[in-house]
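>>> Give me the fold of what follows.
(2 chains)
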Amino acid sequence: MIDTAMEHAGETKKHLFFVDILRRLVKEKPLGTVGGIITVLLLLVGIFADLISPYGMNETDISSRLMPPSAQHLLGTDNVGRDITSRVIYGARVSVIVGLSAASLATVVSLVIGMLSGYFGGKFDIITQRFVDIFQCIPHLLLLMIIVTIIGAGMWQIILAMGLATGIVGSRIIRSAVMGVKEYVRAAESIGCSTARVLLRHILPNIAAPTIILFTTRVPAMILTEASLSFLGFGIPPPTPTWGGMLGGSGRVYMFHAPWMVVWPGLALALVIYGVNMFGDALRDLLDPRLRGGAGRYGLASQKVRKKYREAG
Amino acid sequence: MRTYIIKRLLFALPTLIVVSFIVFWLARLLPGDYIDVLESASTGDVRIDRAMVEKNLGLDAPAIVQYARWMGFAPQPGGGFKGLFQGNFGTSWWRGDTVAKMIGKSWPITIELGVLGLIISQLIALPIGVYSALRQDKIGDYLGRSFAILAISLPSFWVGSMVIIFPSIWWGYMPPIMHIRFIEDPIGNLKMFVAPAAILGMAMCGLTMRMTRTMMLEVLRQDYVRTAWAKGLRERVIIVRHALKNALMPVMTVVGIQVPILVGGMVIIEEIFNLSGMGRLTIGALLNRDEPLTSGLVMVFSVALVFINLAIDLAYSFLDPTIRYE
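Residues are numbered from 1 along each chain as shown, chains lettered A, B, ... in the order given. This next block holds a predicted model:
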């Protein structure tokens, strides 16, 4: 009798995992909530760019070139008479696509390398980790610039390059998380689970929290890296509107005559990176309280630091 | 200690050889080759005999032989070993100068920018990080943390553009474009670097600041800090000698992690402020599909990263005497 009552009491308190996280986010993390709102807004703007934007993304109006912000063009126009508002809105779409796909690809690559390396250990682990070490010796942005020059500039090429390069480096975090759940693995192996079952049913669910955190910290990093590459001319080629591309290229030529050409895309970029970072930070605190401590989107790096510190000391 | 350094250097060697292999292949994969460059440079009806040029330059040899020549393991077609091990990086296709000479001209700018950027980032990060930790969850802490997040969120190429645009529009001020050498005019040289280095430092200080705050919070709760308070030591002594010194170790590691990020940041900053350092040279090399220059530059960056990491590891033992490297 008592047993069933207890069970019932336990049940009423239980919400869906994500509903619970969301409730705690709103209750405990005001800044994280603001970040979440910015993130959702970014997603909506990206998805409904066609409906929101007043003009087409490449609609030119030669008669109104380099116009300052006005009622007709809220954020002004650029050197070929394109509406900055519309291009900033369409730029959100590019950022959403690049941020989400590249971060997903990076997470998958990290998961595959990290899980295999952490699970099999031994020689395979040593060789893989040396390979990751070697990768870290080459400056990240330079590597991406070279890869993009080789495979050509374009949205999917950028996503591929960033996803692979970042994924390889990030595999360290997954590997150490896998090392942390070795007991479950031994238990599963001892009852005769196959390797695939151990990896997918026993390891994967247990490293869900670091994986989600890895993903959320990667999204703003990817958006910023894409913007940097596009700014330098190694990113998504014009006329596709990207925030980084609007700051570089013709934006740099005309920035003294028409500062609005570079002010707004940069502000949008800063706002989005701030929002997604805050959202990711809050999510990290809620998902994995052990990682708390305000190391921000580099929380994962700080974990590595502590490990290194311990090894050295 | 000496054996440790030697061991580390020996370990670094195979890593760098694999890196050189990857870099060589990446550079070779760049679209276009030297003969295309020659053809596009020749204006008249000069027809280039592909096979002939290839033979003269040794481009007809198998790729592995070319790699060995580039590294200095195999003799050049003209005889003699001229490779990385002999300090020879080859000749740039784009400018015709030797790569070593071009890097020699540009590295002081990159180093000065990087070092100044790191110093400025520490000068911003450490005091604010310590202050934030001392005033945990008070208004000062919130301000400090907000500043850290702001510093992380603002893209450096946007801040850089704003710093160039608005002073020029409002006051007609432009940062100096001409390179001023430090020996000739130290003040003018520093003036040239102050804005770029400040933006670079700002872009990097957020992470260090948060790490400083976290570590200070941890250290301030340690027994020895309580003991120091109980002994009646002055606040400044406790914070600087007892707390900060112990909190600094992981902060140093963060600085080490940041060095590759610093390289990326320098590429962007050099491009914005027209500083002809190694970052901008790399952009030029890639845009002109200059294989020898690209591979030489990336190799120099990679070797530098390996040695900086070694230096940071060694610095630990000076900061923390309990660490003994065997």
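>>> Buried by neighbour count: which residues of the helix or strand harbouring B:Trp25 qualify?
In this structure, B:Trp25 is located in helix B:2-29 according to DSSP states H and E. Buried residues in helix B:2-29, counted by 16 or more other C-beta atoms under 10 Å in any protein chain shown: B:8, B:12, B:15-16, B:18-20, B:22-24, B:26-28. Where you see a C-beta, it was placed from the backbone N, CA and C, and this is true even at glycine.
>>> Greatest separation within those residues: which pair is it?
Greatest spatial distance among the buried residues of helix B:2-29 (C-beta to C-beta): B:Arg8 and B:Arg28, at 30.3 Å.
>>> residue of the stretch 51-200 of chain B with the smallest distance to chain A?
Relative to chain A, the nearest point of the stretch 51-200 of chain B is B:Trp158 (3.1 Å; C-beta to the nearest C-beta).
>>> Can you verify my assumption that that residue contacts A:Gly248?
No - counting by C-beta atoms under 8 Å, B:Trp158 sits too far from A:Gly248 to count as a contact (10.6 Å).
>>> Now do the helix or strand harbouring A:Leu283: which elements does it pack against?
Using DSSP H and E, A:Leu283 falls within helix A:260-287. Secondary-structure packing of helix A:260-287 (3 or more C-beta pairs under 8 Å, 6 or more residues apart in numbering or on different chains; DSSP states H and E): helix A:17-28, helix A:30-47, helix A:84-120, helix A:208-232, helix A:243-247, helix A:250-254, helix B:139-153, helix B:156-171.
>>> Throw those helices into JSON lines and include distance to A:His202, thanks.
Listed next are the helices and strands packed on helix A:260-287 as JSON lines, based on distance: least, C-beta to C-beta, whole Å:
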{"stretch": "helix A:17-28", "distance to A:His202": "19"}
{"stretch": "helix A:30-47", "distance to A:His202": "31"}
{"stretch": "helix A:84-120", "distance to A:His202": "10"}
{"stretch": "helix A:208-232", "distance to A:His202": "12"}
{"stretch": "helix A:243-247", "distance to A:His202": "42"}
{"stretch": "helix A:250-254", "distance to A:His202": "51"}
{"stretch": "helix B:139-153", "distance to A:His202": "36"}
{"stretch": "helix B:156-171", "distance to A:His202": "43"}
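>>> so which of those gets nearest A:Ser194?
Ranking those by their distance to A:Ser194 (criterion: C-beta to C-beta) puts helix A:84-120 first, at 12.5 Å.
>>> which strands and helices sit next to the closest one?
helix A:30-47, helix A:49-52, helix A:122-137, helix A:155-180, helix A:208-232, helix A:243-247, helix A:260-287.
>>> re the thing from before, report the contact partners of the residue of the stretch 51-200 of chain B closest to chain A.
By C-beta atoms under 8 Å, 6 or more residues apart in numbering or on different chains, the contact list for B:Trp158 reads A:Leu247, A:Val262, A:Gly266, A:Leu267, A:Leu269, A:Ala270.
>>> Among those, which one has the most neighbours?
Within those, neighbour counts (other C-beta atoms under 10 Å in any protein chain shown) peak at A:Leu269, which reaches 30 neighbours.
>>> Let me see the contact set for the residue of the stretch 1-150 of chain A found nearest chain B.
Nearest to chain B, among the residues of the stretch 1-150 of chain A, is A:Leu141, at 3.2 Å (C-beta to the nearest C-beta). By C-beta under 8 Å, 6+ apart, the contact list for A:Leu141 reads A:Thr225, A:Ser228, A:Leu229, B:Val263, B:Gly264, B:Val267, B:Ile268.
>>> Any stretches of the chain with poor pLDDT?
Just going to use chain A. Within chain A, the stretches with pLDDT under 70 are A:1-15, A:288-313.
>>> Switch to chain B, please.
Short version for chain B, where the test is pLDDT under 70: B:41-48, B:78-79, B:175-180, B:182, B:319-326.
>>> can you pull out the helices in it?
B:2-29, B:34-41, B:50-57, B:63-71, B:99-134, B:139-153, B:156-171, B:186-220, B:223-230, B:235-237, B:245-272, B:278-287, B:291-319 (DSSP state H).
>>> residue closest to the middle of the chain?
This is for chain A. A:Val219 (0.9 Å; C-alpha atoms, centre = their mean).
>>> oops, chain B please
So for chain B, C-alpha atoms, centre = their mean, it's B:Val263, sitting 3.4 Å from the centre.
>>> Test my guess that that one contacts A:Leu143.
No - between B:Val263 and A:Leu143 there is no contact under C-beta under 8 Å: 10.3 Å.
>>> one step back: ok, the contacts of B:Trp158 vs chain B, which is closest?
Chain B has its nearest neighbour among the contacts of B:Trp158 in A:Gly266, at 3.1 Å by C-beta to the nearest C-beta.
>>> which residues sit in contact with the closest one?
Per C-beta under 8 Å, 6+ apart, neighbours of A:Gly266: A:Trp243, A:Leu247, B:Pro155, B:Phe157, B:Trp158, B:Ser161, B:Met162.
>>> ok, so of these, who is nearest B:Gly129?
Looking across the contacts of A:Gly266 and measuring by C-beta to C-beta, the closest to B:Gly129 is B:Pro155, at 22.4 Å.
>>> Quick check: closest non-adjacent residue to the closest one.
For B:Pro155, ignoring the flanking residues on the chain, the nearest one in space by C-beta to C-beta, 6 or more residues apart in numbering or on different chains is A:Leu269 at 5.5 Å.
>>> before we move on, the earlier item: can you tell me the number of residues neighbouring the residue nearest to the residue nearest to the centre of chain B when sequence neighbours are not counted?
Closest residue to B:Val263 apart from its sequence neighbours, by C-beta to C-beta, 6+ apart: A:Pro139 at 3.9 Å. The tally of other residues near A:Pro139 (other C-beta under 10 Å) stands at 24.
>>> Show the backbone phi and psi for A:Pro139.
Dihedral pair for A:Pro139: phi -50, psi 130, per degrees, to the nearest 10.
>>> From what I see, the residue nearest to B:Pro155 and B:Phe157 are in contact.
No - at 9.4 Å, A:Leu269 does not count as touching B:Phe157 under the criterion of C-beta under 8 Å.
>>> what do those two both touch?
Common contacts of A:Leu269 and B:Phe157 (C-beta under 8 Å, 6+ apart): A:Ala227, A:Gly244.
>>> Now do the contacts for B:Met102.
B:Ser92, B:Arg95, B:Leu281, B:Leu293.
>>> nope, A:Arg24 is what I meant
A:Leu286.
>>> for the nearest residue in space to A:Gly249 that is not next to it in sequence, helix, strand, or coil?
Among residues not flanking A:Gly249 along the chain, A:Pro238 sits closest, at 6.3 Å (C-beta to C-beta, 6+ apart). At A:Pro238 the chain is in coil, as set by DSSP: H, G, I helix; E, B strand; the rest coil.
>>> Let me see the contact set for A:Pro238.
A:Pro238 is in contact with A:Gly245, A:Gly249, A:Ser250, counting by C-beta under 8 Å, 6+ apart.
>>> Return the member of those nearest to A:Leu283.
Set against A:Leu283, the nearest of the contacts of A:Pro238 by C-beta to C-beta is A:Gly245 (29.5 Å).
>>> ok, back up a step: hmm, the helix holding B:Trp25 in reach of chain A?
Yes - judged by C-beta under 8 Å from any C-beta of the partner chain, helix B:2-29 comes into contact with chain A at B:Thr15, B:Leu16, B:Val18, B:Val19, B:Ile22, B:Val23, B:Leu26, B:Ala27, B:Leu29.
>>> Which other helices and strands does that helix contact?
The helices and strands touching helix B:2-29, judged by 3+ C-beta pairs under 8 Å, 6+ apart, are helix A:122-137, helix A:140-151, helix B:63-71, helix B:291-319.
>>> between those, which one is nearest to B:Tyr173?
For B:Tyr173, the closest of those is helix A:140-151, at 29.5 Å, according to C-beta to C-beta.
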